[in-house]
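Enquirer: sequence and predicted structure are below.
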Amino acid sequence: MDYKTVGHDIYRLIESLYPICRSITGDGFRTSMQILQKDIPLELHEISSGTQVFDWVVPKEWNIRDAYIKNSRGEKVVDFQNSNLHILNYSLPVNRKVKLAELKEHLFSIPEHEDWIPYRTSYYKENWGFCITQKTLNNLNEEEYEVFIDSSLEDGHLTYGEFLIKGEIEDEFLISCHSCHPSLCNDNLSGMAVATYLAKHLSQKKLRYSYRFLFIPGTIGSITWLSLNENKISRIKHGLVIACVGDPGKMYYKRTRHGDAEIDRAVSHVLKHSGDEYEIVEFSPYGYDERQYSSPGFNLAVGNLSRTPHGRFPEYHTSADNLDLVKPDSLADSFSKYTEIINVVDNNKKYINTNPKGEPQLGKRGLYSTMGGRKDASNYEMSLLWVLNMSDGQNSLLDISERSGISFSSIIDAANALYEYGLLIDLQ
Amino acid sequence: MDYKTVGHDIYRLIESLYPICRSITGDGFRTSMQILQKDIPLELHEISSGTQVFDWVVPKEWNIRDAYIKNSRGEKVVDFQNSNLHILNYSLPVNRKVKLAELKEHLFSIPEHEDWIPYRTSYYKENWGFCITQKTLNNLNEEEYEVFIDSSLEDGHLTYGEFLIKGEIEDEFLISCHSCHPSLCNDNLSGMAVATYLAKHLSQKKLRYSYRFLFIPGTIGSITWLSLNENKISRIKHGLVIACVGDPGKMYYKRTRHGDAEIDRAVSHVLKHSGDEYEIVEFSPYGYDERQYSSPGFNLAVGNLSRTPHGRFPEYHTSADNLDLVKPDSLADSFSKYTEIINVVDNNKKYINTNPKGEPQLGKRGLYSTMGGRKDASNYEMSLLWVLNMSDGQNSLLDISERSGISFSSIIDAANALYEYGLLIDLQ
Amino acid sequence: MDYKTVGHDIYRLIESLYPICRSITGDGFRTSMQILQKDIPLELHEISSGTQVFDWVVPKEWNIRDAYIKNSRGEKVVDFQNSNLHILNYSLPVNRKVKLAELKEHLFSIPEHEDWIPYRTSYYKENWGFCITQKTLNNLNEEEYEVFIDSSLEDGHLTYGEFLIKGEIEDEFLISCHSCHPSLCNDNLSGMAVATYLAKHLSQKKLRYSYRFLFIPGTIGSITWLSLNENKISRIKHGLVIACVGDPGKMYYKRTRHGDAEIDRAVSHVLKHSGDEYEIVEFSPYGYDERQYSSPGFNLAVGNLSRTPHGRFPEYHTSADNLDLVKPDSLADSFSKYTEIINVVDNNKKYINTNPKGEPQLGKRGLYSTMGGRKDASNYEMSLLWVLNMSDGQNSLLDISERSGISFSSIIDAANALYEYGLLIDLQ
């Protein structure tokens, strides 16, 4: 696989998704899924408004066509056509004249960055509003403004995309990304695009685990999926929530609620051996949809692997999270780290040494030097010895790799060689 | 509660106890208990001399009225009326003339501090003696001395004070202080006085645990109590031995024999969040009555929380451990730390999230902001999320506080709010 | 025991073993065992070539009488009589003339140390060769050489020595040393010689464990022993592989596969309290015969305690590992450390406090000062208190020593005193 090419492909997918005004429901979300369907056979689900999902109710469907604020001279001072961030997401339809004072109660800006438009939502409380730059706000005068929002909030559906790649076993690896943000690139288009390419890549490989990809609206989407798929949840053995994987920052991993689940150890192993800077933090119940997967009733081993995480880059949830913030190289690197991690988990089997009493005679099989007296064993010989010694059915290849300090790929090579000579058998 | 006032009240109680000559038995101990009875309804127990208590026997009762050494000119060179430390505690009655050489075998002084009188005892080996300053010792001449000790050592009783504050449950928190030292302020009047005010304070509160206060002679007192109350011992879930809590040094905690009992974690939590300096050390079987509570046959989770601990301040067990060494501010701070620790333990319950699948929708209950897109959750929101996520019946509020890094008081506030909305139920 | 004398005795034993040409089979090995039999009643075992031992087969027996290379002028340029390292160990018999080019394929030297002869073997692939200095190699000219090796490789036996010292119980402590190297002093004559003196020393003592000493050829010897003694293996509770114990370097311990077995803790305790520098590393499946004892089918708790370990000193497996490299003082120190470790393990029992409720009254038994009020307990009193407090049947004396920070010898003294007074009973 040419990672350089992949980076550019992923970037182009982000470009095509960028202009669309997404929300947790509505046509923007649907259109986005259709774009992904060009790359992967995503199955779309439509869940009716009003459906009870645990403690929540699927909300009405929101769609928007146009919105603006005109001043008394009829000039559009804010125009949804310029940026879909201008509208408070889930704004009710409005068409009236208001004084500045009243208008200001519905305006959101960022004083510290006067050229940036903030991203704000009001999904669960009926409201209307505009998000504008501080500069625009400063230029508003004491006059009457015409406020126009051509939106609808009506019974409809919540849409989500799902793609299951069946592996050798039914146990699953979950990759979940929220896909509900409008024109924001790092959060969350980078996650959607990298996940799409991961799915595309994995669907061409022979896999042990089954891989489930979810493209869902944040919070309500994961709650909805969990509520409607309770019978499948116990199959999920590992999972990663993906978002903010396009900026040039170092990788950042938030552990699962378990703290040392297999996925935690696999991520940690790959990052440690990457030679790149990274940061690993403990679980906390704030963040993305890992909050829901990690709720005590499910307690799934789902971590969150990003680059600079939400809230830690100034452009987060503003118009500055645009196509300049994400880089093909960073996207390629994220893609590469994810595939390596998946490779570790997928191959992390336990073997049994068929010759457990003393070492088998490797020399006669051509696996070990026949010249004695040398100072050290070769790295390959060390891998063989470690795999033989630790393969008592208790230790997985990752355990062996971690205990020996030898990279997972070397350990796998050794295990494969020993397996071919019948010196190992598979535990499963 | 006004801690400033409490510090002065505690100090005044120490002042009133200071002049009395206490020992492990006798009227000095009884009188002291009667003074405490003005503040708390202490129950006094009288155990007969000769009672077998495990490997020990309750000793004869000792009382003393007067003692002196006169030189050949009839001048009192040492006088019990000046300091009750002058007498070797538990000295037999004596009335005879002795040469200097013989007298010296019965004299104890501190060469390094020539103005201080040491505190010495001989409870379990019959003897007599005087504790004097090095200066006095240096001034003794080769002449005959009249030695007079008007004491009695006869069958009688060992006295101890006990006060049980009944809480919601029968499980107990033990606060134990030795009360057998004569005029020594930090060790042990500070412990007696702070314990008295803790008892007074707790008896006005609604409590989950029952709180047992013991005012006992050191070693033989705890052994006697344990021996006579074996049926109650299993109720003791937590405990602290209190002494040396009046000096200006930092707090010092010796862990229980368990090492990480709930009381150990509660003390550690409070000290860590106090912002003050402190020191925590591992259990060792030397020290105060925690030695007895922690004997392998009982193995109670009893720690020892002091300021500068026994043997670490030069005035320890000398006449310099006087009213100048203890400070109202330090007493108030010790009182405050103890009440905080008790508050943690008393409230350290486990709850169960009634809505464990996904997060409950906090916004519709007014517990969470309905405006989406902000950078971070508020501290209060974080506390709510942590309590919900961890309340699976396995984690106590202290567990949640420690894992989240959020103070126990914030976690309690969140738990109470969630409890009110029916989002938590009590595990008990 | 006078350790100074022991060091010199051990050194003299090395001197007597040094000239012999040992291999994994043959008369050199037998002669060496006979020398050891002057000190300890070693039992010799002879195992026929061709015997199947797990995945291996006992090889043919190799013996050598003479070998040389003569140049065209009939001068011996390499002569086995000068150093038995000159011959590739297990060389086939040869008697022919060869050109330099062909000869060079059978020559081994060390370019970095041009005066040193390397040690090389070819046990399991038939071959012949000479190990020579780089200087000799550089002086060889383009001429014809006469190559002569008077060796035999025929069906015969593999020899090993074994000595079992029976203790109070059948559980065993294994001391194993490979004894197959020719004239190499640190690796492995130092191990053989120290082990011999350990066996001699232990056979004069009253011991709890039984001690099994094995003097075996490396790898094939331990595999052979394990294969022929499977019924005895479960008795081995602790073990140490000994080699490289004569150089002046610091002690170096490689942990067992278990990582924290009793032997690991005993070694660590002794090294920590020695005041000397030392290094402890984790287990790895490379090294000496601990590789075989630690194979997953046996998983014995066998560590490797040396001074500078194999491969870490430049003289390793060269003619420079000679009588100058090993020192009587280092041998004595190794002997001393081994005896201390054995002492810890042999005495590491669990006791039960017969008076577990409260402390027993030590004063009335003369074990504790009867004068009260002192600042601290004596070290001896602290040992008594620790042993009493921890002797609940869960903690061994080593556990108590580690937790208290008090040396094992002090803890043993305290335990013996308490045992005499009936305050402890033996758990076994």
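Expert: Yep, that arrived. Residues are numbered from 1 along each chain as shown, chains lettered A, B, ... in the order given.
Enquirer: quick one: the strands in the stretch 201-350 of chain A, in order.
Expert: A:210-216, A:236-242, A:251-254, A:278-281, A:302-306, A:350-353 (DSSP state E, counting those that start in this stretch).
Enquirer: quick one, the first one and strand A:236-242 angle?
Expert: It stands for strand A:210-216. 40 degrees (axes from the mean of the first three to the mean of the last three C-alpha atoms, to 10 degrees).
Enquirer: what residues does the stretch 301-428 of chain A put near chain C?
Expert: Contact residues, the stretch 301-428 of chain A versus chain C (C-beta under 8 Å from any C-beta of the partner chain): A:353, A:355-361, A:363-364, A:370-377, A:382, A:385-386, A:388-392, A:403-404. In this view, the C-beta of every residue, glycine as well, is placed from N, C-alpha and C.
Enquirer: swap the cut-off to 7 Å and go again
Expert: Contact residues (C-beta under 7 Å from any C-beta of the partner chain) of the stretch 301-428 of chain A with chain C: A:353, A:355-361, A:363-364, A:370-373, A:375-377, A:382, A:385-386, A:389, A:391-392.
Enquirer: put the buried members of those residues into a PyMOL selection.
Expert: Per 16 or more other C-beta atoms under 10 Å in any protein chain shown, the buried members of these correspond to this PyMOL selection:
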select buried, chain A and resi 353+355+356+357+358+359+360+361+363+371+372+373+377+382+385+386+389+391+392
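Enquirer: okay, and which of the residues of the stretch 301-428 of chain A next to chain C map to strands?
Expert: Among these, the ones falling in strands (DSSP state E) are A:353, A:392.
Enquirer: flag every residue of chain A that's near chain B.
Expert: Checking chain A against chain B by C-beta under 7 Å from any C-beta, the hits are A:54-56, A:118-125, A:223, A:226, A:285-286, A:291-292, A:294-298, A:311, A:316-317.
Enquirer: any quick ChimeraX command for the buried ones out of the residues you listed?
Expert: In ChimeraX syntax, the buried subset of the residues of chain A next to chain B is picked out as below (16+ other C-beta under 10 Å):
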select /A:54,55,56,118,119,120,121,122,123,124,223,226,285,286,291,292,294,295,296,298,311,316,317
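Enquirer: now, the residues of chain A next to chain B that are in helices?
Expert: A:223, A:226, A:291-292 (DSSP state H).
Enquirer: excluding chain neighbours, what is closest to A:Leu189?
Expert: A:Ile14 (4.6 Å; C-beta to C-beta, 6 or more residues apart in numbering or on different chains).
Enquirer: OK, contacts around the one you found?
Expert: A:185, A:189-190, A:193, A:326 (C-beta atoms under 7 Å, 6 or more residues apart in numbering or on different chains).
Enquirer: and if you look at A:Asn322?
Expert: A:Cys185.
Enquirer: and stretch A:298-305, what's its mean pLDDT?
Expert: Averaged across stretch A:298-305, the pLDDT comes to 98.
Enquirer: over to that stretch now: how far is its first residue from its last?
Expert: 20 Å (C-alpha to C-alpha, to the nearest Å).
Enquirer: mind listing what's buried along stretch A:416-428?
Expert: Applying 16+ other C-beta under 10 Å to stretch A:416-428 flags A:417-419, A:423-424 as buried.
Enquirer: can you count the residues close to A:Lys232?
Expert: 14 (other C-beta atoms under 10 Å in any protein chain shown).
Enquirer: apart from its chain neighbours, what residue comes closest to it?
Expert: Nearest in space to A:Lys232, with sequence neighbours left out and distances taken as C-beta to C-beta, 6+ apart, is A:Glu172 at 7.8 Å.
Enquirer: let me know the pLDDT of the one you found.
Expert: Each residue has a pLDDT score; the one for A:Glu172 is 98.
Enquirer: thinking again about what came up before, just send the strands of the stretch 201-350 of chain A back as JSON lines, with distance to B:Ser176 too.
Expert: Listed next are the strands of the stretch 201-350 of chain A as JSON lines, based on distance: least, C-beta to C-beta, whole Å:
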{"stretch": "strand A:210-216", "distance to B:Ser176": "58"}
{"stretch": "strand A:236-242", "distance to B:Ser176": "51"}
{"stretch": "strand A:251-254", "distance to B:Ser176": "45"}
{"stretch": "strand A:278-281", "distance to B:Ser176": "42"}
{"stretch": "strand A:302-306", "distance to B:Ser176": "47"}
{"stretch": "strand A:350-353", "distance to B:Ser176": "52"}
